[in-house]
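Asker: Sequence and predicted structure, then a few things I'm wondering about:
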Amino acid sequence: TQDRGMIRRDENSINIFHDKKNEAGYKRVLPGQFVIHLRSFQGGFAHSTIEGITSPAYTVFGFSEPEKHDSEYWKYVFTSKSFIRRLETVTYGIRDGRSISYEEFLTLGFVYPSKAEQKAIARYLDKLSDLITLHQRKCALLFSPFQALISMMFTTSTFSWEQRKLSEIADKVTEKNAGLHYIETFTNSAEFGIISQRDFFDHDIAKMSSLGGYYIVRNEDFVYNPRISTSAPVGPINRNKLGRIGVMSPLYTVFRPHDVDTTYLEYFFKSKYWHSFMNFNGDSGARSDRFSIKDSVFFEMPIPLPYIEEQRKIGEHLTQLDHLITLHQRKCISFTGRAGRLISTVNKKRITSSWEQRKLGDIGKARSGVGFPDADQGGVTGVPFFKVSDMNLDGNENEMIVANNYVTAEQIADHRWSPITELPAIFFAKVG
């Protein structure tokens, strides 16, 4: 797993088909060794504290000179953000489950202290990790009542509600981006919802040549991502609230609701009410990171529906409660799962204690910039094309007025660029 390293299969809550006849070809894993798995490009290498066997699809390695190395120290190195960024140089493939070249990984250089210092660092980070876990429990108390309310609402209040199949209130989207009319690729994150792929990965993952086979995702469409995680044990379903059209990989299931309040439906999918249907009807598979269910079965999912006006009121109530929780989150110290990172969300300015706290996405919308080919740069007439470096030009201290490059209407049409027309707008640099 990405968060717990190597664990026994029976400790995983996911039911994975396992044929004991294949175990003869499995790889042995010893305490202190590491495993390169299909999600290592996102979560680093998995450290093992136990002895066991694992799939031959994984790469298992240990230290050739164990007297010089403490595996607990390297556990933190191999899951650090800086190391995961370095893995990009030895990673290939664009789909989920990208591969890491072990031979190329061996060429990466590392600077490390003595084994005694490694142990001291590991002990310190262990204590910090325990502290993070302690405070995470405190933060969880803030979220648990909200999730409990949602689940209880759909579980106990449905006796007088109508039961409808998902197929009766939503249509599966099969519209492909054949003419490459849209080039912004979305991704469906369990944590952040539907966002631009560039914002999530800091760069474009999908190749332009493959976008013709992607599904078109319109505003208010819903997307099911079969990739499972601790926070989304059967995969997340999220609503496109970006206010714009994009495309998504055919690995996702996209559906367009009708005759239902989309805010109500969004909170329904935030509950765990529908998880039992998925677990009962899902197909067992060998992959531990992806849930499998046939589309025909997926759209048989039962959805409890009150009258449309009651749906709207429920959606409004839960939205207000969500905002209230966000307001009180300022009083909670939020810790990340990675040792060494702790972020205080407490707003220390006392004058804001009675102010409403809103998410940035509720009061505006964001879009990413596009690449600017060298051949198109240097223009002096037309529409200004701002680059990050332009923010440092004289005259742009408070407002973007001066640009080093301009593009013509022909260039805009050729590249299918979308100039920013909704003003005022706020610029910020993601890098630099």
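Answerer: The structure has been received and is ready for your questions.
Asker: okay, CA-based contacts and neighbour counts for the rest of this
Answerer: OK.
Asker: how about the residue nearest to the spatial centre of the chain, what does it touch?
Answerer: By C-alpha atoms, centre = their mean, the mean C-alpha position of the chain lies nearest to residue 189, the distance being 3.1 Å. Counting by C-alpha atoms under 8 Å, 6 or more residues apart in numbering, residue 189 touches 195, 236.
Asker: buried stuff in stretch 193-200?
Answerer: 193-198, 200 (16 or more other C-alpha atoms under 10 Å).
Asker: With stretch 400-417 instead?
Answerer: Applying 16+ other C-alpha under 10 Å to stretch 400-417 flags 400, 402-403, 405-408 as buried.
Asker: That stretch spans what distance, first to last residue?
Answerer: 19 Å (C-alpha to C-alpha, to the nearest Å).
Asker: Averaged pLDDT, that stretch. What do you get?
Answerer: In this model, stretch 400-417 has an average pLDDT of 89.
Asker: Show the subsequent helix or strand relative to the helix or strand of the chain with the lowest mean pLDDT.
Answerer: Sorting the helices and strands of the chain by mean pLDDT, DSSP states H and E puts strand 342-344 at the bottom, at a mean of 39. Per DSSP states H and E, the first helix or strand lying C-terminal to strand 342-344 is helix 360-363.
Asker: The helix or strand just after that following helix packs against which elements?
Answerer: Following helix 360-363 in sequence order, the next helix or strand is strand 383-384 (DSSP H and E). Contact here means 3 or more C-alpha pairs under 8 Å, 6 or more residues apart in numbering; DSSP states H and E; on that basis strand 383-384 packs against strand 406-407.
Asker: The strand it packs on - contacts with which helices or strands?
Answerer: strand 383-384.
Asker: Neighbouring strands - and their directions - for the strand it packs on?
Answerer: Using DSSP bridges, strand 383-384 pairs in its sheet with strand 406-407 (antiparallel).
Asker: Quick one: low-confidence residue ranges for the stretch 301-432 of the chain.
Answerer: 328-355, 431-432 (pLDDT under 70).
Asker: correct me, but residue 259 touches residue 167?
Answerer: No: applying C-alpha atoms under 8 Å, one finds residue 259 not in contact with residue 167, separated by 11.6 Å.
Asker: which one of the two has more residues nearby?
Answerer: residue 167 (19 against 9; other C-alpha atoms under 10 Å).
Asker: wait, residue 80 sits on residue 44?
Answerer: Yes: the criterion here is C-alpha under 8 Å, and residue 80 meets it with residue 44 at 7.3 Å.
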